[in-house]
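**Student:** this one's structure only:
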C-alpha cells in the first residue's frame, strides 16, 4: 500500500500493490482515509484527480459536525453504525465487539459499500478517522478477492501510526480524565491492533468458509464478486 500526502486529509492511502496470489491489487482503484472536512483547496484538486467515487461511512451527526470539503465527486453515504458512534464509547464496547457488530448487524450496508467498489471506478472509502468502519470495509473487499491475509491485516494495523499525534494525545488525556473506568475507550478511539482484524477475518472464515462466502451469504451474487475481482486485481 502507498501512503499519500494531501493537505487536510489524514490517514490517506492507496491499497494497490497488496499481493493477490501471483498478482496484486491494482493501484489507484481503492483508497482509504479519514474524513475530508479539513481538505484544503489545493488538496481538493489533488484528490479530485485521483478519485471518481467516495463512500462516506459516517452517521448523520458526524457528517453534520464535520461536512466534507471535497467538491465535484459523487459521494454515497452508507452509515455503518446502527446507532451513533458515541454509543460504543458509552457502552464501553471493545474493538472486537464493535467489529462483530458491524459484520453481524450491518451486513447489508457492508455489501452496499463493496458493490460500489466492485463498479471499478477509483473509489475512496472513509469514515471519521479511517480506522474501524473503513478498516472493516476495505479488509472485506480485499479479502473477498483473495488478497494476502497478512498484508490485509498489516494495512489495517498501519492506521494507528497514521493518525495525528496531537489528536491521539488529546483523546488519551480526555478519556483518562473523564472516563477513567472505561476499559476499552482509548483502544476504541486510537488503536488498530493487528490481532483484532486477524481474529475478525478468521471468524468469518470459520463461519462462512471465506470472506467471499460471507458476502455471498449476505446477498452478493457470484457475478458481483467476479466484478470485484476484475476491478481490484491486476
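**Tutor:** Now that the structure is in, tell me what you want to look at. As the structure is a computational prediction, the values presented were derived from the model and not from experiment.
**Student:** can we go C-alpha only for contacts and neighbour counts from here?
**Tutor:** Will do.
**Student:** Excluding sequence neighbours, find me the nearest residue to the residue nearest the centre of the chain.
**Tutor:** With distances taken as C-alpha atoms, centre = their mean, residue 134 lies nearest the centre of the chain, 1.1 Å away. In space, and not counting its chain neighbours, residue 134 is closest to residue 126: 5.5 Å by C-alpha to C-alpha, 6 or more residues apart in numbering.
**Student:** That neighbour: what's it in contact with?
**Tutor:** Under the criterion of C-alpha atoms under 8 Å, 6 or more residues apart in numbering, the contact list for residue 126 reads 32, 33, 34, 35, 54, 55, 56, 57, 133, 134.
**Student:** Then residue 128?
**Tutor:** Under the contact definition (C-alpha under 8 Å, 6+ apart), the residues listed for residue 128 are 34, 35, 58, 62.
**Student:** returning to what we had before: hmm, the residue nearest to the centre of the chain is touching residue 140, no?
**Tutor:** No. Applying C-alpha atoms under 8 Å, one finds residue 134 not in contact with residue 140, separated by 9.9 Å.
**Student:** residue ranges for the strands of the protein, please.
**Tutor:** Using DSSP state E, the strands assigned to the chain run over residues 2-3, 13-14, 19-20, 23-24, 30-33, 53-56, 75-77, 123-126.
**Student:** would you turn these into TSV with mean pLDDT and distance to residue 193?
**Tutor:** Formatted as TSV, the entries for these read as follows, by pLDDT from 0 to 100; distance: least, C-alpha to C-alpha, whole Å:
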stretch	mean pLDDT	distance to residue 193
strand 2-3	93	19
strand 13-14	97	18
strand 19-20	98	21
strand 23-24	98	24
strand 30-33	98	17
strand 53-56	98	23
strand 75-77	97	27
strand 123-126	98	19
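**Student:** closest one to residue 92 among those strands?
**Tutor:** When the strands of the chain are compared for distance to residue 92 using C-alpha to C-alpha, the nearest one is strand 123-126, at 23.3 Å.
**Student:** Okay, now the sheet partners of that closest one, with direction.
**Tutor:** Taking DSSP bridges as the criterion, strand 123-126 forms sheet pairs with strand 30-33 (parallel), strand 53-56 (parallel).
**Student:** Residues touching the first one, excluding its own?
**Tutor:** What that stands for is strand 30-33. Under C-alpha under 8 Å, 6+ apart, the answer for strand 30-33 is 9-16, 117, 122-127, 129-130, 134, 138, 232.
**Student:** List just the nearest of the contacts of residue 126 to residue 196.
**Tutor:** Distances from residue 196 to the contacts of residue 126, taken as C-alpha to C-alpha, are shortest for residue 133 (13.5 Å).
**Student:** burial measure for that closest one, as a count.
**Tutor:** When neighbours are counted by other C-alpha atoms under 10 Å, residue 133 registers 24.
**Student:** now swap in residue 21 and tell me
**Tutor:** Number of residues near residue 21 (other C-alpha under 10 Å) recorded here: 12.
**Student:** Please enumerate the helices of the protein.
**Tutor:** Under the criterion DSSP state H, the chain carries helices at the ranges 41-48, 60-65, 86-90, 95-105, 107-118, 133-144, 149-157, 159-162, 165-178, 185-190, 194-208, 211-217, 222-232.
**Student:** what's the closest non-adjacent residue to residue 229?
**Tutor:** Closest residue in space to residue 229, ignoring its immediate chain neighbours: residue 145 at 5.3 Å, by C-alpha to C-alpha, 6+ apart.
**Student:** Double-check that neighbour against residue 21; I have them as touching.
**Tutor:** No. The pair residue 145 and residue 21 does not pass the contact test of C-alpha under 8 Å, sitting 9.8 Å apart.
**Student:** For this protein, give me the ranges with low pLDDT.
**Tutor:** Judged by pLDDT under 70, the chain has its weakly predicted residues at 83-90, 171-172, 174-185, 187.
**Student:** Done for today, thanks.
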